[in-house]
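K.L.:
Sequence first, then the predicted structure:
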Amino acid sequence: MKRLRFTAWLLVLALLALACPALGEAPDIELAGEAAEALPMELEAEDIPELEAPDGLDVELPGLDLSDGLSQDLDTAPADDANGGLPGAFEPLHSAGDAMDNDRLFAGYVDLLFSRKPEGDLRPNGFIGDTLTGVTKKVYDYLVKQIKKVAAGTISSTIFEIPTSVATFRDWNEIGDNFDTLHHALLTDLPYHMFWYDKTQGVWSDTYGNDGICIMFCVADAYADWNGQVVSGSCFTTNSTKIKSAQVAVTNAKKVVKKYAGVTDYKKLCGYRDYICKAVDYNNDAASQRGSYDKNAWQLIWALDGDPSTNVVCEGYSKAFQYLCDLTTFNGDVQSHIIGGYEYDQSGSGPHMWNIVTMDDGKNYHVDITFVDGGYTEAFLCGADRTEYADTYLVRNELYYQTDAEVISVYPAKTLKLSTRDYEPGGAVLPKSVKLKKGKTTLKKGQKLSLKRGKSLTLKAVVSPAKARTKLTWTSSYKYVTVKDGKVTVSKKAKVGTKARITVKTANKKSTYIYIVVK
């Protein structure tokens, strides 16, 4: 296949017009190649996940003596760089020719899959593709769908035949004039979905049928199936095994959460712990960087993919536990937090990642699924003792955990303050019902209250039994009557006589409602 720079496109078209009676006989043309390297990704810093550094529990700190507690040796410990998934951690993308780009973008795609945040929220200012017009916009819309299918592993070929209902070879003048913008829009709007794309090899074009065109995206070596379609040393087929593993992990995680949906919060967390420990073993080779290892050992995919041959280090354990908690609607106010730093004990020390869980009693507890899987079952929802160091605490008089400075800068102090006692299960009670009160008056379900524009009133939700703890969700059916934590406010824009339904719901879906009538 001939490969020509996109910058020579117009010249080629002119030559084709002279040499070929029909445009359908044109030779193959590359639409964009090395010029892609100059295209800025325009990713915001917060959108780009950091590439995780190797992790492990066997990094020794010479001279560290724990017999009399922690010493000043902690101050000279190497900086922790194993917390790539923590908020605030960011390193810019490397050059377009660096294969590391693809791994970073894949990590971003995984984060996108595992996030509840709508994809559109990543682009609050809109998508560049929305500014395209005419046939260029039609081609963009078609390619977006195909690129997402490749990322999802539902198709493996990156040779996209454009339907003639979208564009034909006669449209190449318009597409050629706008292709730099089209290509740039795809890279910017779908950076994570294009983790498999080799920007250094770029995009090629070809013809099919009498009037059809196809656009071919080169696949990066790390994601290429070299047994697939290869042209002039470039691959146009993805190996979907790794791609699909992310999708499988998401599906498995949702199944686990559904399995424990009807039990108490404590039993939910125990179920998540047991599932992870059964699903994986600690990946010693990855931790010590012995032999060949995959960066997925630091991600939650391998902890949730159902494949016994894929194992993780501590970061994978903690991220998997965190994700299951993030997917869960707890009965009480339960929250899990990923914590990174160092762990020290008599057998060694090294960078580590674990969780702190805020339980329904409002207290925080230590959770280390990695150590639980290693046989130290006490490291689950346990308390801890403070040390003379503000960033370090002691578990069971055996394990020291030093929280990374970056973590301390992100989380409020109350989140990192641990209970000195272990969590006592059995105290959680699910709400049986919920009622609304205004002052001392209990309101009937569906009761109407009048409220003038610009005024507010406060409602109180009372759950039964009284010792039940739960999250409460407040909603209003009318945009000009808002409710937040029980405080109802009528906007001056509200229409007199409008009836707004104010609903409060518990985490286990017990609910009640009243109406606010605008005066």
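P.N.:
Perfect, I can see it now.

K.L.:
quick one: the helices in the stretch 151-300 of the chain?
P.N.:
Ranges of helices in the stretch 151-300 of the chain, per DSSP state H, counting those that start in this stretch, are 172-189, 240-259, 265-279, 284-288.

K.L.:
for these, which one sits closest to Ile338?
P.N.:
Closest approach to Ile338 among the helices of the stretch 151-300 of the chain is made by helix 265-279 (14.0 Å; CB to CB). In short, each C-beta sits where N, CA and C put it, glycine included.

K.L.:
For that closest one, buried residues please.
P.N.:
Neighbour-count burial for helix 265-279, counted by 16 or more other CB atoms under 10 Å, picks out Asp265, Tyr266, Lys268, Leu269, Cys270, Gly271, Tyr272, Arg273, Tyr275, Ile276, Cys277, Ala279.

K.L.:
okay, the helices of the stretch 151-300 of the chain in TSV with distance to Val230 and mean pLDDT next?
P.N.:
Converted to TSV, the helices of the stretch 151-300 of the chain look like this (distance: least, CB to CB, whole Å; pLDDT from 0 to 100):
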stretch	distance to Val230	mean pLDDT
helix 172-189	22	88
helix 240-259	17	86
helix 265-279	36	95
helix 284-288	31	82
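
K.L.:
Turn the ones you listed into JSON lines, columns for distance to Thr420.
P.N.:
Shown next, in JSON lines, are the helices of the stretch 151-300 of the chain (distance: least, CB to CB, whole Å):
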{"stretch": "helix 172-189", "distance to Thr420": "50"}
{"stretch": "helix 240-259", "distance to Thr420": "31"}
{"stretch": "helix 265-279", "distance to Thr420": "19"}
{"stretch": "helix 284-288", "distance to Thr420": "31"}
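
K.L.:
Between those helices, which one is closest to Tyr344.
P.N.:
helix 284-288 (16.0 Å).

K.L.:
next helix or strand past that closest one?
P.N.:
helix 301-304 (DSSP states H and E).

K.L.:
which strands and helices sit next to that following helix?
P.N.:
Judged by 3 or more CB pairs under 8 Å, 6 or more residues apart in numbering; DSSP states H and E, helix 301-304 is in contact with helix 240-259, helix 265-279, helix 314-327.

K.L.:
Distance-wise, check the residue nearest to Trp172 when sequence neighbours are not counted relative to Val166.
P.N.:
The shortest distance from Trp172 to any non-neighbouring residue, by CB to CB, 6 or more residues apart in numbering, is to Ile213 (6.9 Å). Distance, Ile213 to Val166, by CB to CB, to the nearest Å: 10 Å.

K.L.:
more crowded one of these two?
P.N.:
Ile213 (27 against 15; other CB atoms under 10 Å).

K.L.:
wouldn't that one be in contact with Phe169 here?
P.N.:
Yes. Applying CB atoms under 8 Å, one finds Ile213 in contact with Phe169, separated by 5.4 Å.

K.L.:
what do those two both touch?
P.N.:
Thr207 (CB atoms under 8 Å, 6 or more residues apart in numbering).

K.L.:
Pull the number of nearby residues for the closest residue to Leu304 other than its chain neighbours.
P.N.:
Nearest-residue entry for Leu304: Ala249, 3.9 Å, with adjacent residues in sequence omitted and distances by CB to CB, 6+ apart. A count of nearby residues for Ala249, using other CB under 10 Å, gives 26.

K.L.:
so who does Ala249 touch?
P.N.:
Phe114, Leu300, Ile301, Trp302, Ala303, Leu304, Asp305.

K.L.:
Adding neighbour count and pLDDT, write the residues you listed out as TSV.
P.N.:
Shown next, in TSV, are these (neighbours: other CB atoms under 10 Å; pLDDT from 0 to 100):
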residue	neighbour count	pLDDT
Phe114	21	79
Leu300	28	82
Ile301	28	81
Trp302	25	84
Ala303	30	88
Leu304	31	88
Asp305	23	85
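
K.L.:
ok, these vs Asn173, which is closest?
P.N.:
Phe114 (42.9 Å).

K.L.:
got a list of what Lys242 touches?
P.N.:
Applying CB under 8 Å, 6+ apart, we find Lys242 in contact with Tyr223, Asn296.

K.L.:
distance of it from Gln322?
P.N.:
Taken as CB to CB, the span from Lys242 to Gln322 is 22 Å.

K.L.:
next one: Ser234
P.N.:
On the measure of CB to CB, Ser234 and Gln322 end up 39 Å apart.

K.L.:
Pick out whichever of the two has more residues nearby.
P.N.:
Neighbour totals were compared for Ser234 and Gln322, and Gln322 leads with 23 against 19 (other CB under 10 Å).

K.L.:
Quick check: that one touching Gln335?
P.N.:
No. If you go by CB under 8 Å, Gln322 and Gln335 don't touch, sitting 10.1 Å apart.

K.L.:
in the stretch 101-250 of the chain, what spans have low per-residue confidence?
P.N.:
103, 116-126 (pLDDT under 70).

K.L.:
Where does the closest residue to Lys435 other than its chain neighbours sit: helix, strand or coil?
P.N.:
Nearest non-adjacent residue to Lys435, counting by CB to CB, 6+ apart: Val462, 5.2 Å away. State at Val462, reduced to three classes by DSSP: H, G, I helix; E, B strand; the rest coil: strand.

K.L.:
What number of residues are in the vicinity of Val462?
P.N.:
Using other CB under 10 Å, Val462 has 14 other residues around it.

K.L.:
That one reaches Lys432, doesn't it?
P.N.:
No. Using CB under 8 Å, Val462 makes no contact with Lys432, being 11.8 Å away.

K.L.:
The residue nearest the centre of the chain sits in which helix or strand?
P.N.:
In the chain, the residue lying closest to the centroid (CA atoms, centre = their mean) is Asp111, at 2.5 Å. Taking DSSP H and E as the criterion, Asp111 maps to helix 100-114.

K.L.:
still on that earlier bit, compute the distance between the residue nearest to the centre of the chain and Leu324, please.
P.N.:
For Asp111, the distance to Leu324 - CB to CB - is 16 Å.

K.L.:
try Lys199
P.N.:
Lys199 is 35 Å from Leu324, by CB to CB.

K.L.:
which phi and psi does Thr329 have?
P.N.:
Per-residue torsions, Thr329: phi -100, psi 100 (degrees, to the nearest 10).

K.L.:
Quick check: closest non-adjacent residue to it.
P.N.:
In space, Thr329 is closest to Ala507, 5.5 Å off (CB to CB, 6+ apart).

K.L.:
circling back: against Arg104, how distant is the residue nearest to the centre of the chain?
P.N.:
The gap separating Asp111 from Arg104 is 11 Å, by CB to CB.

K.L.:
Could you check how many residues crowd around Lys444?
P.N.:
Residues near Lys444, counting by other CB under 10 Å: 11.

K.L.:
Which other helices and strands does the helix or strand containing Thr415 contact?
P.N.:
Element membership for Thr415 (DSSP H and E) is helix 413-416. In terms of contacts (3+ CB pairs under 8 Å, 6+ apart), helix 413-416 is packed against strand 348-358, strand 364-367.

K.L.:
Tell me which other helices or strands the last one touches.
P.N.:
Other helices and strands packing on strand 364-367, by 3+ CB pairs under 8 Å, 6+ apart, are strand 348-358, strand 380-382, helix 413-416.

K.L.:
Mean neighbour count, mean pLDDT and distance to Ala286 added to the ones you listed, as TSV?
P.N.:
As requested, the helices and strands packed on strand 364-367 are exported to TSV (neighbours: other CB atoms under 10 Å; pLDDT from 0 to 100; distance: least, CB to CB, whole Å):
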stretch	mean neighbour count	mean pLDDT	distance to Ala286
strand 348-358	23	91	13
strand 380-382	20	97	23
helix 413-416	12	90	28
